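**Q** Please work out how this folds:
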Amino acid sequence: MVTMTVKRLRALLTEVVLGEAGPSRAPPIGKEMAAKIVSKFPKGMAKFGIDAKAISAMESWTGTNGTAFDLGNGKVFKITRDQKEAATSAVLIGKELTNIVRIYAVWRFKDTNFYGILQEKLEPLPDADGKAFNDALVATRLPVWIHKSGYDFEKAKEMTKQFIISQVKERFKDNANSPEAQKFAHSINDKWNMLVKRFNMREMFNTLKQLGIDFADFHAGNLMRRPDGTLVLIDLGQSKVTGGGGDIDTITQSVSPG
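**A** Just a heads-up that it's a prediction; the model follows:
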């Protein structure tokens, strides 16, 4: 029996949702490169209230697909090569969503393959919560069932139930009614309830469905929280947009390339 992990679950989701072998990632952009790109677009950046000259002195962090800068006003500017993330983020512009990151603007740096995303600043998920979230995803495979059910949560619930039964039979074989088997089944069911009640997965999926976004990368690294404790889904690059797209602006260079 192959042991499921977060990495394998992400690969499975990517295959199921996007038809790809695994999460696709553009080469990362470090702080120095990001600052150099931004420095060539001072007027365009000013349009979004960002001082291009001050970028290099801002607090920043580099992730898988890009570098984000804390603007100090409750907003974050992210520069990325990920066209999928830019396209999906554009769908969210101006929408006040409870459990999905708020996006204020998305633009392309003209004559480059870089994009800028202006979004709300969020707080990291505590390590214990992140571990609980990942463990529950692995135990239940809930995002897989939701996608396969066509985003019908009641069908996903029944699919999860059948999955739990299959796991009990596979693990305990002829002892499926033993106390140990029942304890194992209840533990998976408890994790399903945790995802729904504590991590608001039903609401997240309902919102994504309404937006026409099929998201394929659920894991703790893509979950943050607002100061009031509300859990928020971020980094929607691994998605398929099935509804109408949003507008991606384009800014031009004010400084000659070189």
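**Q** switch to C-alpha atoms for all contacts and neighbour counts from now on
**A** Fine.
**Q** So which residues of the protein form strands?
**A** Secondary structure of the chain (DSSP state E): strands located at 60-62, 66-70, 75-80, 103-109, 115-120, 123-124, 213-215, 223-225, 231-233, 239-241, 249-251.
**Q** can you list the weak-confidence ranges in the stretch 1-150 of the chain?
**A** 1-2, 20-27 (pLDDT under 70).
**Q** Which stretches in it count as helices?
**A** Secondary structure of the stretch 1-150 of the chain by DSSP state H, counting those that start in this stretch: the helices cover 6-18, 31-38, 42-46, 83-91, 127-140, 142-148.
**Q** Outline the domain layout of the chain.
**A** 23-124+243-251, 125-225 (automatic domain parsing).
**Q** if we can go back for a sec, nearest to D228, out of the helices of the stretch 1-150 of the chain?
**A** helix 127-140 (15.6 Å; C-alpha to C-alpha).
**Q** now the closest one against helix 6-18, angle please.
**A** 60 degrees (axes from the mean of the first three to the mean of the last three C-alpha atoms, to 10 degrees).
**Q** for helix 127-140, packing partners?
**A** helix 6-18, helix 153-172, helix 179-197 (3 or more C-alpha pairs under 8 Å, 6 or more residues apart in numbering; DSSP states H and E).
**Q** measure T14 to I29 for me?
**A** 23 Å (C-alpha to C-alpha, to the nearest Å).
**Q** follow-up on the earlier one: nearest to L231, out of the domains of the chain?
**A** Closest among these, using C-alpha to C-alpha: domain 125-225, at 4.4 Å.
**Q** From E180, how far off is the residue located most distally from the centre of the chain?
**A** In the chain, the residue that sits farthest from the middle, by C-alpha atoms, centre = their mean, is D174; the gap is 40.3 Å. Going from D174 to E180 by C-alpha to C-alpha gives 12 Å.
**Q** All set now, cheers.
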